[in-house]
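J.: Quick one, fold the following:
(chains A and B)
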Amino acid sequence: MSYLLTTIVFLPLAAAVICAMLPKDLAGAAKWVAATVMAFDVTLVGWLLATFDVRGGVQAVVDIPWVPQIAIRYHLGADGISLAMLALSALLGLIAVVASWKMDKSPGTYFVMLMLLQVGMNGVFVALDLVLFYVFWELVLVPMYFLIAMWGGERRSYASLKFFLYTLAGSVFMLVGIIALYLYSGPNNTFDIAELVRASAGGAFNGIQGWLFLAFFLGFAVKVPIWPLHTWLPDAHVEAPTAASVLLAGVLLKMGTYGFIRIALPILPVAAKAWAPWIAALAVISIVYGASVAFAQTDVKKLIAYSSVSHMGFVMLGIASGTAAGLDGAVAVMVSHGLVTGLLFLMVGMVYERTHTRQIAELSGLSSQVPAIGGILAFASFASLGLPGLSGFVGEFLSLLGSWQSTLVPHWMTVVAAVGVMLAAAYMLWMVQRVVLGEASEAVSRISDITAREVAYVLPLIGLTVLVGVYWNSLLRFVDPAVQGIVTILARVV
Amino acid sequence: MTWLLAIPLLPALAFALLAPLPRVTRNALRWVPAVAMAGSLAGALAAFAMVLRSGGGDQPIYHTSFAIATIGGKALDVGIQLDAVAAIMLLVVTIVGMCVQVYSLGYMHRDGRVGWYFAVLSLFSAAMLGLVLASDFLLLYMCWEVMGLCSYLLIGFWHTQEAPRMASIKAFLTTRVGDVGFAIALAIMYASVGSFGFAAVLHGYSWTPALATAVSLLLLFGAMGKSAQVPLHVWLPDAMAGPTPASALIHAATMVAAGVYLVARAMPLFEISQVALTVTLVVGTGTALLGALLATVQHDIKKVLAYSTISQLGYMFIALGTGSAVAGLFHLMTHAFFKSLLFLGAGVIIHAVHTQDMREMGGLRKLLPWTTAAFTAGALALAGVFPFSGFWSKDEILVSLWSGGHYVVFALALFAAFLTAFYMTRLWFRVFAGPAQKPEVREAHVEMIVPMVLLAGISLVVGFASPFFATFLGEHGGWPDIMMAVGSSAVATSGIVAGWWVFGKKAVDTEALKARFPHLYGIFDNKFYFDRTYEFVFVNAYNRLSDALWTFDTKVIDGAVDGFGHAWSAVAGGSWTFDAKVIDGAVMGLASTVTWIGARVRRLQAGRVQTYQRLVMAAVILLVLWIALKGA
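T.: Numbers count the residues shown, from 1 in each chain, chains lettered A, B, ... in the order given. Predicted structure coming up:
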């Protein structure tokens, strides 16, 4: 059991090594290596899900010294929140590989990057030692940088560097926070999250929680991203190749909100509560601002990018609420946004592959020419705008309930966020109106409909979107027990 | 009685079966939803029989729930229940639904996407049936939204045309404005009661009047969106761009009445808050009048019916405003039958003459005998003529207004009733009387005639259930007051006579009237300027805001980011400048991308990043030192 998480996390590394060693004329085999390994990875995560005891706390733990001199440990483990994110990461990783099947520009290197990225993504969500967490966090940065810089669109150079520097600048503050936590953690200095939570309850960080929270806030807020630190996102999204966009939106953004839930809230609960109204305010601004700017977009991918800013606002609103409903909602939005936005990017990728444009003005009448592609794009749009019965509704609704219930968030902010739900319908339907409906435009008029391979990789996302939307507990049964622990910690402090 | 679940699930399964199929297969299987609907109808009849046997009343005879979610260790339940109200609503929805399905088999058979039409119709039926069976506000809300989706899809069914496309998005967004209120009401319920169950929210919690008012008004706002009440009514006339049978089911009989149903369900909350009742009354009165007035000047036969629907829904809100859920629900029921009948009739007429403009119709009485007879029955019911059903239900509303002491509203409601009789007479003479303009017209097929005749029959007799209806729902019921009956009949008759005077006998030149009062006509022609105002105040303003924010985003926020990069690189110095490499690089990159090969990019970029990272690490170390020193 103790090797399970290690295997899940580092299996893609094996794939990366194999892909890197492939001779040039066998580079075409890289996708098979990556797909096989990721399929195995997903299976292992599935097995973990199946054997997971939802009331059993942190499971599949491995905890051994790594750098004993300064108490850094190789400590992995998964609670329900970790598991949900790990499952999302592995599934989207596999889908990203299959969606990149036709990658012909240095495929060997491409899949090496994809697999390295996967190691970082998987690791972040199960690391229970802050240094280990930081290592995985930064590990994600480099392959994503190369994916955008080498396989990206026209402005890839600017976008990739902006992504890299922006996130790096944020994580530097986080590193400061991590070191400071270590220094203040008491006589037995530690990087271990659980021990830091205990130290915090013992008063170790009294008086400086605000500063420490600020450090982590900056690190996480850039990644989420929270307004006004979001402008790297549209550039990175638009320039990234489809698979990278899927992982960027589907997994990377969640690392930020996951950081709040895993680290900032439990270790620094006093500051988290003190900051809550301000975080909620920024969240609400993100919701409305993201939705309004999305409405003005002429590029489908950019529209979806700004919609992410809006959706991630709901995650932050739920987190700020500090209530069980809010935090359950936050994780539900994280998962749902991964599924739905992943699906949206995949669909836009399919359209782009066929028409070589993402301009809304040039796309029209997809459902007239390619009913399956148009239909799935419309499905994803409705999931995104929060239609009940699909996953998008669950989290946003719970996030609203939680923020109204919370004493930390003023009621008017919840009202504004609820208006944001309506604005989401506006930009999404307005996109559907122009892209999916109507007579087929010239760019669309000769393209062919979805292929079997494409169906295969969107079907799991569609299925999970419906499953989570119809039966919320399919997700929340894992998440809620873990959330209760955090709510208890928050309730203990004034 | 778990089989009750099959009532909504059968049509839901039909949708799930049809939706993923390719178009051709789907078209071939278009009868599946009708079969599913027949199953639901049978279930609804059985459910009604069981409630009838138990004697009705306001207590559910069956309730089951399951935990859709666990929040903070506490189960969040959704469930279904069967009580008298639900039993009646089930019957209404399945009967009208069945009629519309059968009719549509004839009406839509030439359409290339008929399978999709039936699939969505089926999903709609599932959601509506789920809504009336729901035992909590959460499931009700979820079904409510799914109905909104189906409405959107059906209004925009012919999406290659501009008008249906625009109408569908308008409908979805306008109703979603109301849904914001509904959602916040749910948040308040959750924070206060901790549950969404009808029993817990309505009877198991002691609401303060202030909070009850807030929740009631928010629910009312949601209901106003769905039920097209002023000022959220603007979407319904445009929604007529959808297929006519879909209009009959969704935009006349069932979905638009869901708001009435919601308020009727939440009546105990409204009763705690007298303010909410008064607001409901005012909204209903305004809507009843506005709808009736605008119905008198429409030339499009479906628009007449649409404004009539708005007006009649206003009537139902008037009933709710007097605190009488029974009167509201009874009118909901009678209206569902006769208005869906009128729409189905309009569908036959439109198919026969290939226009919706009543000025191009006329003389259809002889050419479409069955349709004329059925339509006339519906029109008489709408006008409130004894013994047709509308007479009875309208009477109940008038009685509750009078006995509640709302004399002003009573007078206005009578005026609206007069207008109703007037515009229906106008429609009748324009469409059916006079010389035939298109003599080649033929009567509809039997699958379209039979549903209309059935609905006409129901509209003729269902009014006599009036006294039993109230008893069934657990209230006191009785035959209508004779004075009230005489009075309202007089009003209806005068409306018909006036209509005949103007449009049958043509004693008044309507064109001359228009010319005489151009400003007044302008107001009517512009639908009291609601659309124009919204266009200007909300749509245009939001467009400008969204453009402005985008500019702000790229210029100000991103400008600051890039500026920060400039500044830092200037401070840090180094072998390269951020400006030249990044900013200009991005610009130049456009031109030189083609020549940039991957390896070169990798080498250059990696070099930069490492340099940069070293700088950043230096900054980190300084910061850490600073914090450590400060701590010490």
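
J.: Only C-alpha atoms from now on, for both contacts and neighbour counts.
T.: OK.

J.: what about B:G378, how many neighbours?
T.: Residues lying near B:G378 (other C-alpha atoms under 10 Å in any protein chain shown) number 32.

J.: got a list of what it touches?
T.: B:338-339, B:341-342, B:456, B:459 (C-alpha atoms under 8 Å, 6 or more residues apart in numbering or on different chains).

J.: got it, and A:M174?
T.: A:215-220.

J.: now swap in A:P234 and tell me
T.: A:302, A:305-306.

J.: tell me which element A:V42 is part of?
T.: For A:V42, the enclosing helix or strand under DSSP states H and E is helix A:30-51.

J.: For the most centrally placed residue in chain B, give its distance to B:W207.
T.: Closest to where the C-alpha atoms of chain B average out (C-alpha atoms, centre = their mean) is B:K226, at 3.7 Å. As judged by C-alpha to C-alpha, to the nearest Å, B:K226 and B:W207 stand 26 Å apart.

J.: Helix or strand: which one has residue 311?
T.: Went with chain A since none was named. Going by DSSP H and E, A:H311 is part of helix A:300-321.

J.: That was the other one, I meant chain B.
T.: helix B:301-321.

J.: Of all the residues in that helix, which ones are buried?
T.: By neighbour count on 16 or more other C-alpha atoms under 10 Å in any protein chain shown, the buried set for helix B:301-321 is B:301-321.

J.: go on, stretch A:103-118?
T.: So, applying 16+ other C-alpha under 10 Å, buried residues of stretch A:103-118: A:103, A:107-118.

J.: Check stretch A:131-138 too.
T.: Buried residues in stretch A:131-138, counting neighbours by 16+ other C-alpha under 10 Å, are found at A:131-134, A:136-138.

J.: mean confidence score for that stretch?
T.: Averaging pLDDT along stretch A:131-138 gives 94.

J.: quick one on the thing from earlier: tell me the angle the next helix or strand after the helix holding B:S311 makes with helix B:301-321.
T.: Using DSSP H and E, the helix or strand that follows helix B:301-321 towards the C-terminus is helix B:325-353. Orientation of helix B:325-353 against helix B:301-321 (axes from the mean of the first three to the mean of the last three C-alpha atoms, to 10 degrees) gives an angle of 180 degrees.

J.: tell me how far the next helix-or-strand element following helix B:325-353 is from the chain's mean position?
T.: Downstream of helix B:325-353, the next assigned helix or strand under DSSP H and E is helix B:364-367. Chain-centre distance of helix B:364-367: 34 Å, with C-alpha atoms, centre = their mean, to the nearest Å.

J.: just checking, next helix/strand downstream of helix B:364-367?
T.: In N-to-C order, the element after helix B:364-367 by DSSP H and E is helix B:369-383.

J.: Counting neighbours, which bits of that next one end up buried?
T.: Here helix B:369-383 shows B:370-383 as buried, counting by 16+ other C-alpha under 10 Å.

J.: Would you mind checking the average pLDDT for it?
T.: 93.

J.: Could you do stretch A:393-404 as well?
T.: 96.

J.: ditto for stretch B:469-483
T.: Taken as a whole, stretch B:469-483 has a mean pLDDT of 83.

J.: Quote the end-to-end distance of it.
T.: Terminal-residue distance, stretch B:469-483 (C-alpha to C-alpha): 21 Å.

J.: go on, stretch A:433-449?
T.: 19 Å.

J.: what does that stretch rub up against?
T.: By C-alpha under 8 Å, 6+ apart, stretch A:433-449 touches A:354-355, A:357, A:360-375, A:377-378, B:159-162, B:165, B:169.

J.: What residues of that stretch count as buried?
T.: Those would be A:433-441, A:443-445, A:449, for stretch A:433-449 by 16+ other C-alpha under 10 Å.

J.: Would you mind checking the average pLDDT for that stretch?
T.: Here the average pLDDT along stretch A:433-449 is 90.

J.: In the stretch 1-150 of chain A, where is pLDDT below threshold?
T.: Counting by pLDDT under 70, the ranges of the stretch 1-150 of chain A that qualify are A:1.

J.: Assess the claim that A:G392 and A:A383 are in contact.
T.: Yes - contact criterion C-alpha atoms under 8 Å: A:G392 and A:A383 qualify, at 5.3 Å.

J.: Apart from its neighbours in sequence, what residue is nearest the residue in the stretch 101-250 of chain B that chain A sits nearest to?
T.: At 3.9 Å from chain A, B:T160 is the closest residue in the stretch 101-250 of chain B, using C-alpha to the nearest C-alpha. Nearest residue to B:T160, sequence neighbours excluded (C-alpha to C-alpha, 6 or more residues apart in numbering or on different chains): A:G438, at 3.9 Å.

J.: how many neighbours does B:D481 have?
T.: 12.

J.: which SS class is A:G77?
T.: Put simply, A:G77 is strand when judged by DSSP: H, G, I helix; E, B strand; the rest coil.

J.: That one and B:S311, how far apart?
T.: 62 Å.

J.: Helix or strand: which one has the closest residue to A:S384 other than its chain neighbours?
T.: In space, and not counting its chain neighbours, A:S384 is closest to A:G392: 5.5 Å by C-alpha to C-alpha, 6+ apart. According to DSSP H and E, A:G392 maps onto helix A:391-405.

J.: and the angle from the helix or strand following that helix to helix A:391-405?
T.: The first helix or strand that comes after helix A:391-405 along the chain, using DSSP H and E, is helix A:411-435. Here helix A:411-435 runs at an angle of 160 degrees relative to helix A:391-405 (the same axes, to 10 degrees).

J.: If you count neighbours, what's buried in helix A:411-435?
T.: A:411, A:413-429, A:431-435.

J.: in what helix or strand does A:V483 lie?
T.: With DSSP H and E as criterion, A:V483 is part of helix A:473-492.

J.: Quick one: list the elements packing against that helix.
T.: helix A:80-99, helix A:265-267, helix A:269-295, helix A:324-355, helix A:452-470, strand B:62-71 (3 or more C-alpha pairs under 8 Å, 6 or more residues apart in numbering or on different chains; DSSP states H and E).

J.: let's go with 10 Å and repeat that
T.: helix A:80-99, helix A:193-201, helix A:265-267, helix A:269-295, helix A:324-355, helix A:452-470, strand B:62-71, strand B:74-82 (3 or more C-alpha pairs under 10 Å, 6 or more residues apart in numbering or on different chains; DSSP states H and E).

J.: Now the phi/psi pair for the spatially closest residue to A:A361 that is not a sequence neighbour, please.
T.: Nearest residue to A:A361 in three dimensions, chain neighbours excluded: A:T298, at 7.0 Å (C-alpha to C-alpha, 6+ apart). When read as degrees, to the nearest 10, the backbone of A:T298 gives phi -110, psi -10.

J.: which of the buried residues of stretch A:433-449 lies closest to chain B?
T.: A:G438 (3.9 Å).

J.: Now do the SS call for that closest one.
T.: From three-state DSSP, the assignment for A:G438 is coil.

J.: mind checking the backbone torsions on it?
T.: phi 90, psi -180.

J.: Output the longest strand along chain A in CSV with nothing but the alpha carbons.
T.: Longest among the strand segments of chain A by residue count, using DSSP state E, is strand A:59-67. In CSV, the C-alpha atoms belonging to strand A:59-67 read as follows (Å, rounded to 0.1, in the frame of the first residue of the first chain):
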residue,chain,number,x,y,z
GLN,A,59,-4.5,7.2,3.5
ALA,A,60,-1.8,5.4,1.4
VAL,A,61,0.7,7.2,3.5
VAL,A,62,4.5,7.0,3.0
ASP,A,63,6.6,9.0,5.4
ILE,A,64,10.4,8.6,5.4
PRO,A,65,13.2,11.0,6.0
TRP,A,66,14.6,12.7,3.0
VAL,A,67,17.0,15.4,4.2
